[in-house]
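In: sequence and predicted structure are below.
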Amino acid sequence: MNKTALITGASSGIGKEFAHIHAEKGGNLVLVARSLDKLLALKEELEKKHPIKVHIIVKDLTETNASKAIYEEVKNANISVDFLINNAGFGGLGAFHERKLEEDLSMINLNISALTALTHYFLQDFVGLNEGKILNVSSTASLLPGPLQAVYYATKAYVTSFSNALAEELHKTNITVTNLMPGATETEFGKISGMDKTEMFKQTASARKVAEDGYNGMIAGKLDVISGLTFAQKMMMGMLPLMPKKAILKQVRQMQETN
């Protein structure tokens, strides 16, 4: 595969697995994350294992204009990106009024603003070539409100809606937009957000399995890919349209309580 993939949040978890999968298929990479040490280690590992080139960009996507800076660095390096994988994101547990507003605004900047800006910049190139694939990592959380993670669930609802809308806008082109909706996954997300202490994260899917499902879905041009759900969770998701919203809200809240 002579394709270059740009992956955000590439230093760990699902993003790191995306990098391994793409490298295994012979594709070059542009890896974006905040940790220089982790990116350098991943670059060395992948270039030793596979005949590929890895370009790393150290950037905090919560910062203003970070997406533009990434795009400009890629263009200045004369790298042509074929696949854009918007994986970076974070959550946070707690009642909205008790959480630090700055943390939730940073969450919105990363989960929504940075993803939107990167998609806009690279989509211009894709449209010019009439070729390209976009994979946005949302969540099954995007399908319902999330008491005790109100902002996180809302940001993921944006990602799902935005991705699906773009896919339809581009239906006459050779460009596809795939929306990946993982369930609870074994990554640093659980520890950082505090979700690892909740009922919802008692059973987690492997990051590799989720990444494989998302990557394969992107290659196939699928609209939505749901991955990492237990049988019980699949049953619950299937029953959502039939359940009263108040009952759903209560159940989600109880699953996210840590007491």
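Out: That came in fine, so what should we check first? Numbering: from 1, shown residues only.

In: tell me who's in contact with the closest residue to residue 211 other than its chain neighbours.
Out: In space, residue 211 comes closest to residue 17 once its chain neighbours are excluded; the distance is 3.5 Å by C-beta to C-beta, 6 or more residues apart in numbering. Placement of C-beta: from N, CA and C, glycine included. Applying C-beta atoms under 8 Å, 6 or more residues apart in numbering to residue 17 gives the contacts 207, 208, 210, 211, 212.

In: dump these into a markdown table; add secondary structure as well.
Out: Below are these laid out as a markdown table (DSSP: H, G, I helix; E, B strand; the rest coil):
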| residue | secondary structure |
| --- | --- |
| 207 | helix |
| 208 | helix |
| 210 | helix |
| 211 | helix |
| 212 | helix |
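
In: can you tell me which of those residues is closest to residue 155?
Out: For residue 155, the closest of the contacts of residue 17 turns out to be residue 210, at 18.4 Å, with distances computed as C-beta to C-beta.

In: the closest one against residue 226, yeah?
Out: No - in this structure residue 210 lies outside contact range of residue 226 using C-beta atoms under 8 Å: 10.0 Å.

In: out of the two, which sits in the busier spot?
Out: Relative neighbour count places residue 210 above the other of residue 210 and residue 226, with 28 against 20, counting by other C-beta atoms under 10 Å.

In: that one and residue 108: what is the separation?
Out: 23 Å (C-beta to C-beta, to the nearest Å).

In: one more: residue 2?
Out: Where residue 108 is concerned, residue 2 sits at a distance of 36 Å (C-beta to C-beta).
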